[in-house]
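K.L.:
predicted model and sequence below, questions to follow.
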Amino acid sequence: MTAVVTEDTWTPKLVNRTATITMVVMLCAWSIDYIDRFSISMALPSIGEEFHLGKTAQGSLVTVFALVYMICQIPAGFLADRYGSRKPMLITLVLWSLFTALTGMAGTFGLLLLFRGLFGACQGAFPAASFKAIAERTTPERRGTATSVMLSASGIAGLAPLLVAPLLTGIGWRHTFLWMAGCGAAIGIGLWALLPKALPDRLSRLPQTTVTTPEVSRAQVLKSPAVWKFAVLFCAMNMLSYGLVTWVPSYLLEARHLSLNETGVLSAIPSLVGFATTIFGGWLFDRYFHDKARWYLMSIATVTAVLLALMVSAGSAATFTLYETLAVGVFGMATMCVFGLPLRVLPTAVAGLASGINNFGGQVAGVIAPLAMGWLADAFSYTAAFGFLICTTLLTAVIAFWVPQRAEQFNFPSTGTK
């Protein structure tokens, strides 16, 4: 029989064990999320050839996902706060695997767009529930580190090209999506079952002596300028991730004339480096920068923009990948500047909604970047497309001085609505 965990049995060892297991489970779950989501980028040239699509139309396959995914973020936050993290995560894990399979079965470009949109709706409910799971199962002083471990899955997604390229070569893009759907559903359900019990409410709050933010309602969070500023910041930051993931594989295949397997290897390297630096950045945030992140973020964004400029002017695929890797690695350290402070400050009861608003902003980038860069590549060149990312990264440095950086800077509108 499973032991019953009561208030009195929550020892420091059990609290730490719960946090560790949660971090590992959520890291794996997000890795499945990212691999399923970003595999489309490796398949774009094959899909474009089969359906006779230009780059703008190919980019629309990423944009339609991101548009629906973005729209779902705030409703998903309400659902996570209302029902907790477990049920929404199980439902989304199963359904997004279904639509991954249907992507591989689409007979027309219109159906392909439809299935990618429905795939986006299913995955759109996942982030808010996952942030809620972190808030429910970690103490505030470890929340930045825990979140960075979870989001470092974007680096593990670098394995997607290594996994997908041989499949695309061997069995084609359609059977690749069917294979990923089956594996993703099986692994996802197993991870959901391993998610530990949530901490009691008293352990999920900052001590009152260290926080000035009072209890807030969902209505106050929804109307909070401070929360929406973080959403704008994440929008600017996420342009880089969506832009590189969507168009670097096509650039290496078409402009640098690499093979599919060579493209897979070079596309994986930056993401794997980003995996390590995202975790390191979370530790830095919790340890040193949780209330003084502005200069930290501005410095990181500026250095990243310089590295991107060197990437754009690179004379070879190897040099391009070197500077891309450095840019992704440096920028990965800034991730917790977006998520860390809200998760530390806001009550667990509204963590789902706050994270949904934040991720809504990030997914605006997913709507804009693939389509804008596809148009720039069609109309001008890949150089112009990657130049777009330099501009948005510099914009991140500017926005850094607009967002709150301490708990007392979170001001919430007065309302009696719960």
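P.N.:
Alright, I've got the coordinates.

K.L.:
give me the mean pLDDT for stretch 365-375.
P.N.:
Here stretch 365-375 scores 85 as its mean pLDDT.

K.L.:
ugh, typo on my part, it should be stretch 261-281
P.N.:
80.

K.L.:
go through it and flag the buried ones.
P.N.:
Residues 263-264, 266-275, 277-281 are the ones in stretch 261-281 that count as buried (16 or more other Cβ atoms under 10 Å). Every C-beta, even on glycine, is put in place using the N, C-alpha and C of the backbone.

K.L.:
how many other residues sit next to Thr335?
P.N.:
Residues lying near Thr335 (other Cβ atoms under 10 Å) number 27.

K.L.:
one more: the one 3 residues further on?
P.N.:
With neighbours defined by other Cβ under 10 Å, the count for Val338 comes to 26.

K.L.:
what do you get for Gly182?
P.N.:
12.

K.L.:
next up, the contacts around it.
P.N.:
Ser97, Ala101 (Cβ atoms under 8 Å, 6 or more residues apart in numbering).

K.L.:
likewise for Leu112?
P.N.:
By Cβ under 8 Å, 6+ apart, the residues touching Leu112 are Ile47, Phe51, Leu61, Thr103, Ala106.

K.L.:
roughly how far does it sit from Phe119?
P.N.:
Distance, Leu112 to Phe119, using Cβ to Cβ, to the nearest Å: 10 Å.

K.L.:
cool, Phe401 as well?
P.N.:
Going from Phe401 to Phe119 by Cβ to Cβ gives 37 Å.

K.L.:
who has more neighbours out of the two?
P.N.:
Phe119 (26 against 11).

K.L.:
correct me, but the more buried one touches Phe99?
P.N.:
Yes - checked against Cβ atoms under 8 Å, the pair Phe119 and Phe99 is within contact range at 3.9 Å.

K.L.:
what about Leu143, neighbour count?
P.N.:
For residue 143 the amino acid is Arg, not Leu. Counted with other Cβ under 10 Å, Arg143 comes out at 31.

K.L.:
again with Ala309
P.N.:
A count of nearby residues for Ala309, using other Cβ under 10 Å, gives 16.

K.L.:
just the element for it, please.
P.N.:
helix 294-312 (DSSP states H and E).

K.L.:
return the distance of that helix from the chain's centre.
P.N.:
20 Å (Cα atoms, centre = their mean, to the nearest Å).

K.L.:
next: stretch 73-89.
P.N.:
Its chain's average C-alpha position is 17 Å from that of stretch 73-89, according to Cα atoms, centre = their mean.

K.L.:
rewinding a little: buried residues, the helix holding Ala309. List them.
P.N.:
Using 16+ other Cβ under 10 Å as the test for burial, helix 294-312 gives 294, 296-298, 300-309, 311-312.

K.L.:
give me the nearest residue to Gly374, chain neighbours excluded.
P.N.:
Leaving aside its sequence neighbours, Gly374 sits nearest to Gly59 (Cβ to Cβ, 6 or more residues apart in numbering; 3.0 Å).

K.L.:
mind showing which ranges of the stretch 101-250 of the chain have poor pLDDT?
P.N.:
Low-confidence segments of the stretch 101-250 of the chain, defined by pLDDT under 70: 155, 157-161, 201-215.

K.L.:
how close does the residue lying closest to Met237 once chain neighbours are set aside get to Ala146?
P.N.:
Take Met237 and drop its neighbours on the chain: the residue closest to it by Cβ to Cβ, 6+ apart is Thr396, 5.1 Å away. Distance of Thr396 to Ala146, given as Cβ to Cβ: 24 Å.

K.L.:
nothing else from me, thank you.
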